[in-house]
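In: Sequence and predicted structure below; questions after.
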2 protein chains.
Amino acid sequence: MKIYFTFEPRPDLKEPLIEEFPNIEFVFHSKLDEGQLKDIDVLVTYGEDLNERRIELASNLKWIFVASAGIEKMPHKAIHECGILVSNVRGIHKKPMAESILAHILSLKRALPFIYENQQKGEWNKKAQLSELNGSTALIIGPGAIGSEIGRLLQAFEVYTIGCNRSGEETPFIDETYKIDELMSVLPKAEIVISMLPSTPETRHLLTYDHFKQMREDTIFLNFGRGDVVATDVLVKVLEDKLIRHAVLDVFEIEPLPKDNKLWQLDNVTISPHFSSHSSRYVERSLDIFKPSLRKWLAGDDNLENKMEILRGY
Amino acid sequence: MKIYFTFEPRPDLKEPLIEEFPNIEFVFHSKLDEGQLKDIDVLVTYGEDLNERRIELASNLKWIFVASAGIEKMPHKAIHECGILVSNVRGIHKKPMAESILAHILSLKRALPFIYENQQKGEWNKKAQLSELNGSTALIIGPGAIGSEIGRLLQAFEVYTIGCNRSGEETPFIDETYKIDELMSVLPKAEIVISMLPSTPETRHLLTYDHFKQMREDTIFLNFGRGDVVATDVLVKVLEDKLIRHAVLDVFEIEPLPKDNKLWQLDNVTISPHFSSHSSRYVERSLDIFKPSLRKWLAGDDNLENKMEILRGY
């Protein structure tokens, strides 16, 4: 039994893995070496180093564990035809992303940009308006697993959480949920509005200037879903017209955000370079999903966590 | 029955108060006017505008409600001799202060200073090491009511919380508690170390260079208690020697921190100008304590929330 990793976990993560499965031959390379593919049973990969030829070479391959959420770059058909099992690390971004969102909200409420700025100038300056997260109301548009984790953390700060999704179906840690077509009337209820929407034909440019006009003046808007939920020009106009207090953007219509985009010039926006799911604990968390799956699979059970429908793309 | 406020709450806070107590004559001034003192029954003040003469002038005064935590600047003896009841807003700083602490920790874990810096330079830069608060261990030295609130929020992020206080007595939301003389051996357990210690002869310069040597290299140290728990020179040396990752300081031995202090030059420190308890909801929270107390007092019950022992100073 041979398992091939096309990335190298840190020694403190690798060693316990080897120890836990003494009968398995593990090979770790920081880059895929085609010569290794012939006799491997399991491939552990970030999912960007596969193509049809390589699937053919790996004639003994039975399971691909993808240490990433997306499988867009994989040769779906070839994998399906060879009957190879695929599972991934769906949900791995939940905790770090929710922490980034809380970090940004608290930073604005507790005047951290003001603190950093005055420190740079060497100035002891108390003249900031510090507000509180406690007791506010947050609206999460598209609350899936990540939205629910955000709701859980917000509730610890005694925030009232409102969700807005396609079905209007309840989500854990969200106090009340509305359908997406009720969005306009829900917006004035919240002073924190978070979009976690994916990019689909329905969500593209879903948020218009009128939506922002509906928001309260002190609203903090955060987009951590996909950039095209609001047109960049609309966002610029909303912020120039000061319809809301501040926008925190981790995603953009075009990434990287072009150098000459007006957003760079505004002071009521935070530009985060689409990395708020990053975490030094990424590989650790991936192995926390991989290890129980491997135990299960070795016991002959194919029903693994996050098993993918490779042809459907999820 | 006349109640004199020597500060002016916002109309949206003042009006409901007047409405709730229609039989009371309220007078609101943004500054104490001695001419008003003669016939007042209750004085609501930040506690910095009183002296012996004014207590004498207020010959009908029965209760002073202090909308602040400290009563250092009040004429203790005169108040005691006139048998005037004193109560304050102890605990009012708990929520905003705990939020500031969480804001600073999350900001460092999720690379917000890096984001702000690159945005200023107009650079799309993903090359930061983002870590997580989740799963870490925090040590709170001197966990009173504020420490407990910090513990509550940290636990929501699945942080293991350790307390260190004089008695070693348990505190809510703190997983395990040690005595202060065990501090040296407890320090290596945590990567977040928070001092909430007040300034007393025992806490002065309690933390030495050796204590910081005991801490883990990735430690974030936060001081939100009082500045003299560690000598400024020691702190500078600790940070120059990079014994820990970062210090967040809201309090200093000398405040404002002198312009020429070396701390201003270091990049592994955050200098917050002793305002992390500030909140736009301060007056609202004060009135939330005042109103039930007033109701109680009007019903003849003297046993008010946060009743002070004026001669003892707390």
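Out: Sure thing, it's come through.

In: Now do the strands in the stretch 201-314 of chain A.
Out: In the stretch 201-314 of chain A, the segments counted as strands under DSSP state E, counting those that start in this stretch are A:220-223, A:246-249, A:269-271.

In: which of the ones you listed sits most buried?
Out: Comparing these on average neighbours per residue, with mean count of other CB atoms under 10 Å in any protein chain shown, the densest one is strand A:220-223 at a mean of 26. Yep, even glycine has a C-beta here, placed from its N, CA and C like the rest.

In: hmm, who's touching it?
Out: Contact partners of strand A:220-223, identified using CB atoms under 8 Å, 6 or more residues apart in numbering or on different chains, comprise A:101, A:104-105, A:108, A:191-195, A:212, A:215, A:229-230, A:244-251.

In: average pLDDT for that strand?
Out: Mean pLDDT, strand A:220-223: 98.

In: Chain A - how does it break down into domains?
Out: Annotated domains of chain A cover A:2-92+A:280-298, A:94-271 [automatic domain parsing].

In: Now do the end-to-end distance for the longest one.
Out: Going back to what we said before, that points to domain A:94-271. Taking CA to CA, to the nearest Å, the first and last residues of domain A:94-271 lie 20 Å apart.

In: helix/strand/coil for A:Asn125?
Out: Secondary structure, DSSP: H, G, I helix; E, B strand; the rest coil: A:Asn125 is coil.

In: Surely it touches A:Asn118?
Out: Yes - at 4.4 Å, A:Asn125 and A:Asn118 qualify as touching, with contact defined as CB atoms under 8 Å.

In: Between the two, which contacts overlap?
Out: Common neighbours of A:Asn125 and A:Asn118 (CB under 8 Å, 6+ apart) are B:Pro273.

In: okay, these two: which has more neighbours?
Out: Counted by other CB atoms under 10 Å in any protein chain shown, A:Asn125 and A:Asn118 do not tie: A:Asn118 has more neighbours, with 19 against 14.

In: quick one: that one and B:Thr270, what's the gap?
Out: 11 Å (CB to CB, to the nearest Å).

In: now A:Asp39
Out: As judged by CB to CB, A:Asp39 and B:Thr270 stand 54 Å apart.

In: repeat for A:Lys242
Out: As judged by CB to CB, A:Lys242 and B:Thr270 stand 28 Å apart.

In: Could you do A:Leu287 as well?
Out: 33 Å.

In: The residue lying closest to A:Gly70 once chain neighbours are set aside: neighbouring residues, count only.
Out: Nearest non-adjacent residue to A:Gly70, counting by CB to CB, 6 or more residues apart in numbering or on different chains: A:Gly47, 6.9 Å away. Neighbourhood size, A:Gly47 [other CB under 10 Å]: 21.

In: before we move on, the earlier item: among the contacts of strand A:220-223, which are in reach of chain B?
Out: A:His104 (CB under 8 Å from any CB of the partner chain).

In: can you give me the helices for chain A?
Out: Secondary structure of chain A, counting by DSSP state H: helices at A:11-20, A:52-57, A:76-81, A:94-109, A:112-120, A:145-156, A:183-186, A:209-214, A:232-240, A:282-298.

In: Adding mean pLDDT, write the ones you listed out as CSV.
Out: CSV is the format used below for the helices of chain A (pLDDT from 0 to 100):
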stretch, mean pLDDT
helix A:11-20, 96
helix A:52-57, 96
helix A:76-81, 95
helix A:94-109, 97
helix A:112-120, 98
helix A:145-156, 96
helix A:183-186, 98
helix A:209-214, 98
helix A:232-240, 98
helix A:282-298, 95
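
In: Looking at these, which one is packed in the most?
Out: With a mean of 25, the top stretch among these by mean neighbour count (mean count of other CB under 10 Å) is helix A:94-109.

In: now the angle from it to helix A:112-120?
Out: 70 degrees (axes from the mean of the first three to the mean of the last three CA atoms, to 10 degrees).

In: Okay, the nearest residue to A:Thr45 once chain neighbours are set aside and A:Val86: tell me how far apart.
Out: Leaving aside its chain neighbours, A:Thr45 sits nearest to A:Thr6 (4.6 Å; criterion: CB to CB, 6+ apart). Look at A:Thr6 and A:Val86: by CB to CB, they are 15 Å apart.

In: which residues does A:Lys259 contact?
Out: So A:Lys259 contacts B:Gly122 (CB under 8 Å, 6+ apart).

In: shouldn't A:Leu263 be in contact with A:Thr232?
Out: Yes - look at A:Leu263 against A:Thr232 with CB under 8 Å: they come within range, at 7.0 Å.

In: Residues that sit against both of the two, list them.
Out: Residues touching both A:Leu263 and A:Thr232 (CB under 8 Å, 6+ apart) are A:Phe252.

In: distance of A:Lys127 from chain B?
Out: In this view, A:Lys127 and chain B are 9 Å apart by CB to the nearest CB, to the nearest Å.
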